[in-house]
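Enquirer: Give me the fold of what follows.
(2 chains)
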Amino acid sequence: MNSTLNIAGPEISSGLHTINPSIVVKSETVAGGWSSTHFAFRGGRVSASTLFEEPSSPESQNFVILFEQADPVNPDDLSAIVYLHEGFDRPSVYTATGALTKMSIRSSHPIMTALLSAGGCLIVKPTHNEEAVFKRIAELMELAQEDEIEMSPSSFCDLWSFISARPAAPVPNVFALDNGNFRAVWKNPQGERIALEFQGSQTASFVIFGWARSLGKMMRIAGVQMLSQIPAHIAAANADHLLRG
Amino acid sequence: MNGEPIPDSDHVLRHVKARFVQGEDIDGGGFRLREGEHALSFNWMEYYRDCTPDEQLQLIRKPFPLKLNKKDKFAKLHVGSTKQHVRAEHPENKVIDFIEDGDGQVPSHCLMTGEPDIDDMMADLVTDCVLEKLPAIS
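Expert: Numbers count the residues shown, from 1 in each chain, chains lettered A, B, ... in the order given. From the prediction side, this is the model:
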């Protein structure tokens, strides 16, 4: 059974995002392959759909992301992203045109502050980066399914947070690893690169190549760190320009 | 003979899943150890020394032991250049080698070994050396 809901959201201004005051979300019965603990993309010309759900931890609050794909001609195109606080009176969780992701985010995360001040619902126009990565994730989900690999929701959440926080960064290449983690890579023709494997739980393993002009040689570092520490490693390797548009 | 190093002048192919390919790029994830592996599996092109590169590719595809999908690729490496690049650029001075490991079913099989191990840095350095991406299925 299909139905259509008009979700009214507050009009919000942001330097980075254009926020639409409302969005149409179509709902339907659950498609095969969905569950509350893992996600699967539907094949063919139907738009990709996901359902992630992770347990809350005491220091986190949940919010839900709806990826709205409203264009029937280009069903993989994102038209809007809806962030809903778990306390917000939300529509049916099953959407015909989009994917539903339930994310656990620390209450100190910037999106939570914005979400709470907006009354629990934020509707944003996706950045070019988010659109491209979402489309790529849809491809990777199908390929991972063929290889019987279950991708990590936590890895996806960290990847999404990282690219959403850097709307001006170039679009990374994204890959699906055998262990279910996503890996994003920014590189240039000179051989410099930032490769981040999002391991979930706010950690990432990194491989960074950055040219040190003063030394006249490529600096190469690798390791595992909390995501919050990654920018410092990128800067230390003289590679932060790879994340600038 | 098995256990012997592949000559530096020769070439090897690595089967890379489509998940590790985007546009012109191959990710280092395609050069990490898979479950149950102690070294990375490759195929030695010049095992079929008297054949053309196209014929070598065909002879490697034919008995390939894993399921090949349409979007998968074979990444072609020059043995000597790849060994040299890793030796020169790995910050911990790790080294790799390519060793013959053929059997009756896959005579061109060879292994990439890493000393003391194969890590993410090594895998990414190896991707710098990919000469060509060849279709896994003709």
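Enquirer: What about residue B:5, how many residues nearby?
Expert: For residue B:5, the neighbour count with other C-beta atoms under 10 Å in any protein chain shown is 14. Any C-beta I mention is one placed from the backbone N, CA and C, and that applies to glycine too.
Enquirer: which parts of the longest helix that chain A contains are buried?
Expert: Ordering each helix of chain A by length in residues (DSSP state H) puts helix A:128-146 first. Buried positions in helix A:128-146, judged by neighbour count with 16 or more other C-beta atoms under 10 Å in any protein chain shown: A:129-145.
Enquirer: Stretch B:72-82 too?
Expert: Quick answer for stretch B:72-82 (16+ other C-beta under 10 Å): B:72, B:73, B:74, B:75, B:76, B:77, B:78, B:79, B:82.
Enquirer: neighbours of residue B:8, just the number please.
Expert: 13.
Enquirer: Please name the residues that touch it.
Expert: By C-beta atoms under 8 Å, 6 or more residues apart in numbering or on different chains, the contact set of residue B:8 is B:79, B:80, B:83.
Enquirer: Just give me the closest of those residues to residue A:163.
Expert: residue B:83 (35.5 Å; C-beta to C-beta).
Enquirer: Which helix or strand contains the closest one?
Expert: Assessed by DSSP states H and E, residue B:83 sits inside helix B:79-89.
Enquirer: Would you mind getting the angle between whatever helix or strand comes next after that helix and helix B:79-89?
Expert: Per DSSP H and E, the first helix or strand lying C-terminal to helix B:79-89 is strand B:95-100. Orientation note: strand B:95-100 sits at an angle of 160 degrees relative to helix B:79-89 (axes from the mean of the first three to the mean of the last three C-alpha atoms, to 10 degrees).
Enquirer: Which parts of chain A are strands?
Expert: For chain A, the strands defined by DSSP state E occupy A:3-8, A:22-27, A:51-52, A:60-68, A:80-85, A:98-106, A:121-124, A:173-176, A:182-187, A:193-200, A:203-212, A:217-226.
Enquirer: Out of those strands, which gets the lowest mean score?
Expert: The minimum mean pLDDT among the strands of chain A belongs to strand A:22-27 (a mean of 33).
Enquirer: Phi, psi for residue A:79 please.
Expert: Torsion angles at residue A:79 (phi, psi; degrees, to the nearest 10) stand at phi -100, psi -30.
Enquirer: Hmm, it is touching residue A:67, no?
Expert: No: counting by C-beta atoms under 8 Å, residue A:79 sits too far from residue A:67 to count as a contact (9.1 Å).
Enquirer: Close to chain A: what parts of chain B are there?
Expert: Within chain B, the positions near chain A by C-beta under 8 Å from any C-beta of the partner chain are B:17-20, B:22-23, B:25, B:27-29, B:32, B:34-35, B:69, B:71, B:89-91, B:119-121, B:124, B:128.
Enquirer: try 10 Å
Expert: Counting by C-beta under 10 Å from any C-beta of the partner chain, the positions of chain B adjacent to chain A are B:17-30, B:32-35, B:67, B:69, B:71-72, B:89-92, B:119-125, B:127-128.
Enquirer: Of those residues, just the buried ones, PyMOL syntax please.
Expert: Selection of the buried residues among these in PyMOL, burial being defined by 16+ other C-beta under 10 Å:
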select buried, chain B and resi 17+18+19+20+21+22+26+27+28+29+30+32+33+72+89+90+119+120+121+122+123+124+125+127+128
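Enquirer: still on that earlier bit, neighbour-wise, which of residue A:79 and residue A:67 wins?
Expert: residue A:67 (26 against 18).
Enquirer: separation between that one and chain B?
Expert: Using C-beta to the nearest C-beta, to the nearest Å, we find residue A:67 at a distance of 20 Å from chain B.
Enquirer: now the strands: where do they sit in chain B?
Expert: Counting by DSSP E, the strands of chain B are B:11-16, B:21-22, B:25-26, B:40-44, B:73-78, B:95-100, B:109-115, B:130-135.
Enquirer: between the first one and strand B:130-135, what angle do the directions make?
Expert: Yep, that's strand B:11-16 we're talking about. 60 degrees.
Enquirer: Relative to strand B:11-16, what are the paired strands and their orientations?
Expert: Strand pairing for strand B:11-16, determined by DSSP bridges: strand B:40-44 (antiparallel), strand B:73-78 (antiparallel).
Enquirer: of all the ones you listed, which lies closest to residue A:63?
Expert: Across the strands paired with strand B:11-16, closest to residue A:63 is strand B:73-78 (C-beta to C-beta), at 38.7 Å.
Enquirer: tilt between the closest one and strand B:109-115?
Expert: 60 degrees.
Enquirer: how long is stretch B:32-48 from one end to the other?
Expert: One end of stretch B:32-48 to the other measures 26 Å (C-alpha to C-alpha, to the nearest Å).
Enquirer: Flag every buried residue along it.
Expert: For stretch B:32-48, using 16+ other C-beta under 10 Å, the buried residues are B:32, B:33, B:39, B:40, B:41, B:42, B:43, B:44, B:45, B:46, B:47, B:48.
Enquirer: and the least confident of these?
Expert: residue B:33 (91).
Enquirer: Surely that residue and residue A:177 touch.
Expert: No: taking contacts as C-beta atoms under 10 Å, residue B:33 lies outside contact range of residue A:177: 11.9 Å.
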